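Novice: Task: produce atomic coordinates for the following.
(one chain, ligands or ions: 1)
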Amino acid sequence: MNIRPRRNRRTAAIRNMVRETRMTTDNLIYPLFLIDGKGIKSEISSLPGNYRWSLDTLIPEMEECLELGLRNFVIFPAVEEALKDKIATYSYAEDNFYLEATRQLKEKFPETCLISDVAMDPYSSDGHDGLVENGKILNDETLPILAKMSVAQAQAGFDIIAPSDMMDGRVGAIREALDTAGYINTGIMSYTAKYASAFYGPFRDALDSAPKAGDKKTYQMDPANKMEGLREAMLDEEEGADYMMVKPALNYLDVIALLKDNTTLPIAAYHVSGECAMLIAACQNGWLNFEQAMPETLLSIKRAGADVILTYFAKQFARIQRGLEISL
Ligand code: PBG
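Specialist: Reported below is the predicted structural model:
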């Protein structure tokens, strides 16, 4: 034998030298759930270790994250039922607590990259991402609502607007609205290939945002489809997206790789709530070792082609990397 691949695996120094993929906290986005009120830190039972925070409890939490090297956060609002209506009016209301909190967070932590979520579901009495009429999700009538929501978020100080609704034409509509309002430097991270997945359960528990009737299959993508992801990618590029996202991540590594090979835009992958919950459950049962299995999981998403990963494990990853204790 003159060829022995094991020679390049012989020592830690050699393995480190030839390692192809490296994970750092720079590439991570930490999802956080915000709720109106004071002194609240309520755990999401289906996603242990994750909480709905009120602004006053979120601030020290974010300080801790910044000390660990995390800079990027996507923030989701948990809106009380009484404020929801058919047209998601609260999403751009003057007294919206999510927008007000963002103003304060951006002022307090100017070095952070704050990312929003654009879709009607957290504000909609129907629990859908678009406008519902006679059981149908209307596309074109939803676009102005998303555009208004996006401008309000840009105004509040979000660095990046992230439409997760999967309406046709929304990236273009949002780009135009942002530019018209003068927010030419606010980025758009499009949920490009977002699948109608069974893995969003804990997230919908967190926001109490599950659809009241029907499912999301007429707008979110069929898990069987890959080329359709490429079609969405081509449209998002044309419409002015700055980043493209694949969601979920682990069950869709092939889609991440496909999009990465077909665009010059950075690719983000959303390691969604259900994917994280599965791993937590196995580790809590003692069936897997969290400190080993979790970083391997994130690495696999990066290796597939994701430049950026949204994961509920961001903080634990940062702690492990720094040799700090973690609790499950
Ligand atoms: C809202 C939205 C969802 C997620 C992110 N934005 C839920 C959904 O589409 O039903 C899911 C994220 C997760 O599961 O972690 N449109």
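Novice: contacts and neighbour counts: CA atoms only from here.
Specialist: OK.
Novice: contacts for the helix or strand bottoming out on mean pLDDT in the chain?
Specialist: Ranking every helix and strand in the chain by mean pLDDT, DSSP states H and E puts helix 201-207 at the bottom, with a mean of 93. If you take Cα atoms under 8 Å, 6 or more residues apart in numbering as the criterion, helix 201-207 is touched by 33, 44-47, 52, 77-79, 122, 210, 273-274, 277.
Novice: got it, and stretch 265-282?
Specialist: Under the criterion Cα under 8 Å, 6+ apart, residues 46-48, 198-203, 242-250, 256, 259-260, 288, 290, 294, 301, 305-313, 328 lie in contact with stretch 265-282.
Novice: if you set the cut-off to 6 Å instead, what comes out?
Specialist: For stretch 265-282, the external contacting residues (Cα atoms under 6 Å, 6 or more residues apart in numbering) are 47, 199-200, 202-203, 243-249, 288, 306-311.
Novice: can you check stretch 145-165 too?
Specialist: Residues outside stretch 145-165 that contact it (Cα under 6 Å, 6+ apart): 91-92, 99, 102-103, 113-119, 129, 174, 177-178, 186-191.
Novice: and the ligand, which of these contact it?
Specialist: Restricting the contacts of stretch 145-165 to those near the ligand by Cα under 6 Å from any ligand atom leaves Ala119, Asp129.
Novice: Among the contacts of stretch 145-165, which lie within helices?
Specialist: Of the contacts of stretch 145-165, the ones assigned to helices by DSSP state H are Leu99, Thr102, Arg103, Ile174, Ala177, Leu178.
Novice: ok, of the contacts of stretch 145-165, which come out buried?
Specialist: For the contacts of stretch 145-165, a burial check counting by 16 or more other Cα atoms under 10 Å picks out 91-92, 99, 102-103, 113-119, 129, 174, 177-178, 186-191.
Novice: Show the contacting residues for the closest residue to Asp85 other than its chain neighbours.
Specialist: Leaving aside its chain neighbours, Asp85 sits nearest to Ser125 (4.7 Å; criterion: Cα to Cα, 6 or more residues apart in numbering). For Ser125, the contact set (Cα under 6 Å, 6+ apart) comprises Lys84, Asp85, Lys86.
Novice: re the thing from before, just give me the closest of the contacts of helix 201-207 to the ligand.
Specialist: Nearest to the ligand among those: Ser273, at 3.6 Å, using Cα to the nearest ligand atom.
Novice: what does the stretch 51-200 of the chain have sitting close to the ligand?
Specialist: Counting by Cα under 6 Å from any ligand atom, the stretch 51-200 of the chain sits next to the ligand at Ala119, Asp121, Asp129, Ser164, Asp165, Tyr200.
Novice: ok, the second one - how many residues close by?
Specialist: What it means is Asp121. Asp121 has 26 neighbours, counted by other Cα atoms under 10 Å.
Novice: how near is Ala152 to the ligand?
Specialist: For Ala152, the distance to the ligand (Cα to the nearest ligand atom, to the nearest Å) stands at 17 Å.
Novice: before we move on, the earlier item: most neighbours among the contacts of Ser125, which one is it?
Specialist: Result: Lys84 is most packed of the contacts of Ser125 (other Cα under 10 Å), 20 neighbours.
Novice: What's the local residue count around Gln316?
Specialist: The tally of other residues near Gln316 (other Cα under 10 Å) stands at 22.
Novice: That one: what's its closest spatial neighbour, skipping adjacent residues?
Specialist: In this structure, Gln316 finds its nearest non-sequential neighbour in Ile326, 6.3 Å apart by Cα to Cα, 6+ apart.
Novice: ditto for Pro223
Specialist: Spatial nearest neighbour of Pro223, excluding adjacent residues (Cα to Cα, 6+ apart): Tyr195 at 5.7 Å.
Novice: Mind listing the residues bridging to that neighbour?
Specialist: When assigned by DSSP bridges, Tyr195 has beta-bridge partners Met221.
Novice: That one and Gln220 touch, don't they?
Specialist: Yes - Tyr195 sits in contact with Gln220 when judged by Cα atoms under 6 Å, with a separation of 5.0 Å.
Novice: neighbour-wise, which of those two wins?
Specialist: Ranked by neighbour count (other Cα under 10 Å), Tyr195 and Gln220 place Tyr195 first, with 23 against 19.
Novice: Please list all residues in contact with that one.
Specialist: When contacts are counted by Cα under 6 Å, 6+ apart, Tyr195 is found next to Gln220, Met221, Asp222, Pro223.
Novice: And the strands in the stretch 101-250 of the chain, which stretches?
Specialist: With strands called from DSSP state E, counting those that start in this stretch, the stretch 101-250 of the chain shows them at 113-115, 131-133, 136-138, 160-161, 187-194, 243-247.
Novice: by contact count, what packs against the first one?
Specialist: Helices and strands touching strand 113-115, by 3 or more Cα pairs under 6 Å, 6 or more residues apart in numbering; DSSP states H and E, are strand 72-78.
Novice: mind saving the C-alpha coords of the strand it packs on as PDB?
Specialist: C-alpha atoms of strand 72-78 as PDB (Å, rounded to 0.1, in the frame of the first residue of the first chain):
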ATOM      1  CA  ASN A  72     -26.300  37.800  15.900                       C
ATOM      2  CA  PHE A  73     -29.800  37.400  17.200                       C
ATOM      3  CA  VAL A  74     -33.100  36.700  15.500                       C
ATOM      4  CA  ILE A  75     -36.000  37.900  17.700                       C
ATOM      5  CA  PHE A  76     -39.600  36.600  17.700                       C
ATOM      6  CA  PRO A  77     -42.500  38.200  19.400                       C
ATOM      7  CA  ALA A  78     -45.000  36.200  21.600                       C
END
